[in-house]
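>>> Output the structure for:
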Amino acid sequence: KNEKEYFRFTDINIGENEFLRTIGNTTIKYLNNNIIYIDSKINSKLVDKLKMDLARDTNYGTFDIETALDINNKFIPISCGWKIKNIYKDYIITNYDSTESMFKNCFDDMFNYNNYTWYAHNLGGFDSVFILKILFKNYSKTKVQFKDGKPLSIKVSLTTKDNNNKNNTKIIVFKDSYKIQPLSIRKLIKANDITTQKLFFPYLFLRTDNINYEGKIPDKSFYDNISDLEYNKIADEFKDKIWILKDELLKYMKNDIVSLYQIIDKFSKEMYELENLNITSVSTLSSIALKTYLTNYYNKKKSPIHIPRHENYQDIKNAYFGGRVEVFKGYVENVYIYDVVSLYPSCMLKDLPIGNISRSTDTNIDNYFGFCRCKITPPENLLVPLIAHRYEKGDLEYPSKTFEGTYFSELLKEIKKYGYIVK
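As a prediction, the model looks like this:
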């Protein structure tokens, strides 16, 4: 118009009186000059390839605490300790006027090692309960990353003035070693052929009011999961000498901390040798797998990973349902039991929707390989409905009447074979 170009389009004939018109990111299908459907591509960002770590990070250590029951049967921290490389240090409540002052002394010492990552086994399940209150009270810049309602990592900053009255900020990070090595320390020691062994300790004997106990070795009943052979070995060791609770507690804790350090150190070396990846940069096994892929195996040009926009992600998320677990009969006899070996891996080998998202008004489900918003009508007299429906509050049911929702196209194609009507 007026010798000016307003837009360009491309037409492709696909049949008699049938063609596709493409205008920018939009494709329109015409049949007999009527619009059949409109496809609109939605551009999205791509996941970037990560850079390889050029050197192994050895700034890490291990940390642990030990607790005892008080007169109210409440667990109270009575010792803690940490280890890095060739340094080990422990703290016990009998040297302090409070648990808080014990922890404060410990954490202040740990701040001497700036930008260190400190691993505590099962941090999110136990240790964090005792240290978070102390950290928040004494170090205002404490940030917690949660996963499934439990602390995954704790980042603590401490700013002080140097000799020139300039701010000097130090950072330490606590992480849960169980998230990257999900076995008990005793099993990890065996699996990794660690030299420092986990000891046995009579935790049922230990209480805050007997921490200064010195005398005979406690009875075997105070030990947990110890064989007669193991107990007799310990008893023989103290046959002619006094058993001192504080000494044995600190020895027990030290072995836990040192063995965990050896486990983490070995894992750190192996991951860097295999994949040039620093374990301190991640917090879970799944994040290790993701970073390994994005660093060493991801090809952004050949196999780009698209990041869907939030509203598109929500649509896809609504189409995700877990496996069905209802019990239809409470009691049976003379039945066959079926199981599928490697069901998830086999499903992962099938094709999945990838690439840029396209939104379409096409009503023919056979033209889709993706996610569809649709109305579904189950067949009458269906004994066991096949497809789930999620309500706004999250409740899930398998309806026998018409309902609407977002579902994976291949699931919709499958249920049509059983009499479902999908529109």
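>>> From the contact counts, what lies against the lengthiest strand in the chain?
Longest strand of the chain, by residue count under DSSP state E: strand 150-161. Identification of packing neighbours for strand 150-161 by 3 or more Cβ pairs under 8 Å, 6 or more residues apart in numbering; DSSP states H and E yields helix 128-138, strand 141-147, strand 167-176. Yep, even glycine has a C-beta here, placed from its N, CA and C like the rest.
>>> angle of that strand against helix 128-138?
30 degrees (axes from the mean of the first three to the mean of the last three Cα atoms, to 10 degrees).
>>> average pLDDT for strand 150-161?
The pLDDT scores in strand 150-161 average 92.
>>> Going along the chain, name the helices of the protein.
99-110, 128-138, 185-191, 228-237, 245-275, 285-296, 310-318, 343-348, 409-416 (DSSP state H).
>>> T26 is nearest to which of these?
Among the helices of the chain, the nearest to T26 by Cβ to Cβ is helix 310-318 (16.5 Å).
>>> Going by neighbour count, which residues in that closest one are buried?
Of all the residues in helix 310-318, those buried under the rule 16 or more other Cβ atoms under 10 Å are N312, D315.
>>> State the pLDDT value of V340.
In this model, V340 carries a pLDDT of 89.
>>> That one: what's it in contact with?
S346 (Cβ atoms under 8 Å, 6 or more residues apart in numbering).
>>> Would you mind giving both backbone torsions of it?
phi -110, psi 120 (degrees, to the nearest 10).
>>> ok, the nearest residue to K416 once chain neighbours are set aside - contacts?
Nearest non-adjacent residue to K416, counting by Cβ to Cβ, 6 or more residues apart in numbering: V422, 5.9 Å away. Shown in contact with V422 (Cβ under 8 Å, 6+ apart): I365, C374, K375, I376, L412, I415, K416.
>>> Neighbours of the fifth one, how many?
Burial measure for L412: 19 neighbouring residues, criterion other Cβ atoms under 10 Å.
>>> Might one say that it is in contact with C374?
Yes. If you go by Cβ atoms under 8 Å, L412 and C374 touch, sitting 6.6 Å apart.
>>> now the residue nearest to K416, which residues is it bridged with?
Per DSSP bridges, the residues bridged to V422 are I376.
>>> For it, give its distance to K143.
From V422 across to K143, the span is 47 Å (Cβ to Cβ, to the nearest Å).
>>> what does G124 give?
Taking Cβ to Cβ, one finds G124 at 15 Å from K143.
>>> Show me which of the two is the more surrounded one.
G124 (22 against 11).
>>> dump the residue contacts of that one.
G124 neighbours (Cβ under 8 Å, 6+ apart): K147, K150, P151, L152, D176, Y178, K179.
>>> How about the last one: what's its closest non-neighbour residue?
For K179, ignoring the flanking residues on the chain, the nearest one in space by Cβ to Cβ, 6+ apart is T284 at 4.6 Å.
>>> Same check on the fourth one?
Spatial nearest neighbour of L152, excluding adjacent residues (Cβ to Cβ, 6+ apart): Q145 at 4.8 Å.
>>> That neighbour: how many residues sit nearby?
Neighbours of Q145 (other Cβ under 10 Å): 12.
>>> Who does it form a beta bridge with?
Applying DSSP bridges, one finds that Q145 bridges with S153.
>>> I figured H389 hits P399, correct?
Yes. Under the criterion of Cβ under 8 Å, H389 makes contact with P399 at 5.1 Å.
>>> Neighbour count for those two, which is higher?
Each of H389 and P399 has its neighbours counted (other Cβ under 10 Å); H389 has more, 17 against 14.
>>> Who are the contact partners of the more buried one?
By Cβ under 8 Å, 6+ apart, the neighbours of H389 are L396, E397, Y398, P399, F403, G405.
>>> Find me the pLDDT at it, would you?
Predicted confidence (pLDDT) for H389: 92.
>>> Mutual contacts of L412 and C374, please.
Counting by Cβ under 8 Å, 6+ apart, the residues touching both L412 and C374 are I365, V422.
>>> Would you quantify the distance from the residue nearest to the spatial centre of the chain to F130?
Compute the mean C-alpha point of the chain, and by Cα atoms, centre = their mean the closest residue is T284, 5.2 Å away. Per Cβ to Cβ, T284 is found 23 Å from F130.
>>> coming back round to it: and the helices of the chain, which one averages the lowest pLDDT?
helix 343-348 (a mean of 87).
>>> residue ranges with poor pLDDT in the stretch 301-423 of the chain?
Along the stretch 301-423 of the chain, segments meeting pLDDT under 70 are nowhere present.
>>> Tell me where it has strands.
All strands of the stretch 301-423 of the chain, identified by DSSP state E, counting those that start in this stretch, fall at 306-307, 357-360, 371-377, 389-390, 396-397, 403-408, 421-422.
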